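Visitor: here's my sequence, what's the structure:
(one chain, ligands or ions: 3)
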Amino acid sequence: MARIVMKFGGTSMAGIERIRSVAARVKREVAAGNQVAVVVSAMAGETDRLVGFCREASSLYDPKEYDVVVSAGEQITSGLLAIALQAAGVSARSWLGWQLAISTSDAHASARIENIDMAALEASLAAGEVAVIPGFQGVDEHGRVTTLGRGGSDTSAVAMAAAMKADRCDIYTDVDGVYTTDPRIVPRARKLKKVTYEEMLELASVGAKVLQTRSVGLAMKEGVRVQVLSSFTGEDAPMADTLPGTMIVGEEEIEDMESQLITGIAHDKNEAKITLIAVPDKPGAVAAIFAPLADANINVDMIIQNIAHAARSTDVTFTVPAADLARSIEVLNQGREAIGFAELVHDTRVAKISVVGVGMRSHAGVASTMFTTLGERGINIQAISTSEIKVSVLIEEDYTELAVRVLHTAYGLDAD
Ligand code: ADP
Ligand code: ASP
Ligand code: MG
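Guide: Ligands and ions are numbered 1, 2, ... in the order given. So this is what the prediction gives:
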């Protein structure tokens, strides 16, 4: 007998027909003798709809009430799946975040899981029931409902797997694994059999939304074995324990790690670029820009400071999440005197393209291949940032798909 967590995303839960097919898949795992906890997302599009209601009700909505509203989508699908399982002859019970309980911080809309009380769940599993758990939600120390940030059901599933000491956490979605890049953009993307935690963490953080970044960090910390696989397969699909999807693993499980230069490419259209023109070139000038942004909880990503002009002033360019652009401009304008810039220009029509691979540690030339390939296509690079296993460039948004495709070919990632 194995203990497994099965997580089903929004498209997998979109409608009663899909939920029935999820129930059939869960039933197969139970019939194979496994103890199963299922974590579910809201139906596709539902969370967006609920967020829309909050915005419509008030642009300055209370995050505590936002969480009450947006957590509702998962409450519905968890109940429906329990009903579908019972109808299929499988004993099942749903457990909302506050019922288990899944304790989180009180950072509403982006809460962190602190503890999962396993007593009720263990009793339910021991009694042979499937536990159905709504993803994305928890409860804070005041007993109020919290949510974990968009895409957070992945994190719920990994946290549940860690708490249950599960043998595997299977993330069922609408693609059959992690690919070298988004297969919806590059049809020649290749499916990866294995990818390291570290690479998946980088890929997720630079835009590969197949797993929420925090879920990968948690899996790495807790050593949870995560598999990404498709829920869109028939009754004759191979069982999950034959590992038909992509496994996220430690580096020691990858045989020839150094031979692969680049593992994957991701893109992110959700950043905005800000340039401050003619900032004084003196000690403390950069701190005067970024300290107030940090105080306002705005995450700055790429930063470039140009060479000083003759007038001992310089231009500073950086990116922030597009959703934080208006607030960033406000904060910077408030501090205009202290910073001393002449003009602020901004641009949301940018995209960040990133190439990721642990092979970069032992190979030179990754960045230059990227720059040359983009240059040959006439794609201008507006900013660059690097880490040990990643190179990112900022380009004009219209070139996103082209850039991802030509880089995919240039690094030899295309499927045959
Ligand atoms: P779910 O609703 O199941 O959580 P998501 O929409 O959050 O699913 O994530 C799955 C999507 O991630 C896929 O449909 C795919 O378009 C996208 N994606 C982006 N990058 C990748 C990648 N490298 N490999 C696989 N899928 C990717
Ligand atoms: N339903 C939530 C969202 O759309 C959480 C999730 O699906 O992971 O963000
Ligand atoms: Mg998702």
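
Visitor: Asp106: what's it in contact with?
Guide: When the contact criterion is Cβ atoms under 8 Å, 6 or more residues apart in numbering, the partners of Asp106 are 140-142, 144, 146. (Glycine included, C-beta is placed from N, CA and C.)

Visitor: which of those sits closest to ligand 1?
Guide: For those, the minimum distance to ligand 1 (Cβ to the nearest ligand atom) is 19.4 Å, reached by Thr146.

Visitor: hmm, back to that, so among the contacts of Asp106, which ones count as buried?
Guide: Neighbour-count burial within those applies to 140, 144, 146; the criterion is 16 or more other Cβ atoms under 10 Å.

Visitor: confirm for me that the first one is in contact with Thr146.
Guide: Looking back up the chat, that one is Asp140. Yes. Counting by Cβ atoms under 8 Å, Asp140 sits close enough to Thr146 to count as a contact (5.1 Å).

Visitor: so what sits against both of these two?
Guide: Common contact partners of Asp140 and Thr146 (Cβ under 8 Å, 6+ apart): 104-106, 108, 111.

Visitor: for PyMOL, write a command that selects the buried ones of the residues you listed.
Guide: Command for PyMOL that selects the buried part of these, burial taken from 16+ other Cβ under 10 Å:
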select buried, resi 104+108+111
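
Visitor: quick one on the thing from earlier: can you redo the buried ones among the contacts of Asp106 as TSV with secondary structure and distance to Ala189?
Guide: As requested, those are exported to TSV (DSSP: H, G, I helix; E, B strand; the rest coil; distance: Cβ to Cβ, whole Å):
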residue	secondary structure	distance to Ala189
Asp140	coil	40
Arg144	coil	42
Thr146	strand	35
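
Visitor: ligand 2: which of those residues is nearest?
Guide: Thr146 (12.8 Å).

Visitor: wait, doesn't the closest one sit right on His108?
Guide: Yes. Thr146 is in contact with His108 according to Cβ under 8 Å; the separation is 5.7 Å.

Visitor: list residues touching both of these two?
Guide: Contacts common to Thr146 and His108, judged by Cβ under 8 Å, 6+ apart, are 67, 140.

Visitor: got the phi and psi for Gly10?
Guide: phi -60, psi -50 (degrees, to the nearest 10).

Visitor: ok, and the closest non-adjacent residue to it?
Guide: Distances taken as Cβ to Cβ, 6 or more residues apart in numbering put Ala44 closest to Gly10, at 3.7 Å, once the chain neighbours are dropped.

Visitor: among the shared contacts of Asp140 and Thr146, which are in strands?
Guide: Under the assignment DSSP state E, the shared contacts of Asp140 and Thr146 contribute Thr104 to strands.

Visitor: need the buried ones among the contacts of Asp106 in a markdown table with distance to Ala31 and pLDDT, can you?
Guide: Shown next, in a markdown table, are the buried ones among the contacts of Asp106 (distance: Cβ to Cβ, whole Å; pLDDT from 0 to 100):
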| residue | distance to Ala31 | pLDDT |
| --- | --- | --- |
| Asp140 | 38 | 98 |
| Arg144 | 39 | 98 |
| Thr146 | 35 | 98 |
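
Visitor: tell me which of the contacts of Asp106 is nearest to Lys221?
Guide: When the contacts of Asp106 are compared for distance to Lys221 (Cβ to Cβ), Thr146 wins out at 20.5 Å.

Visitor: partner strands of the helix or strand of the chain with the lowest mean pLDDT and their direction?
Guide: Sorting the helices and strands of the chain by mean pLDDT, DSSP states H and E puts strand 303-305 at the bottom, at a mean of 91. Strand 303-305 has these partner strands in its sheet, going by DSSP bridges: strand 313-321 (antiparallel).
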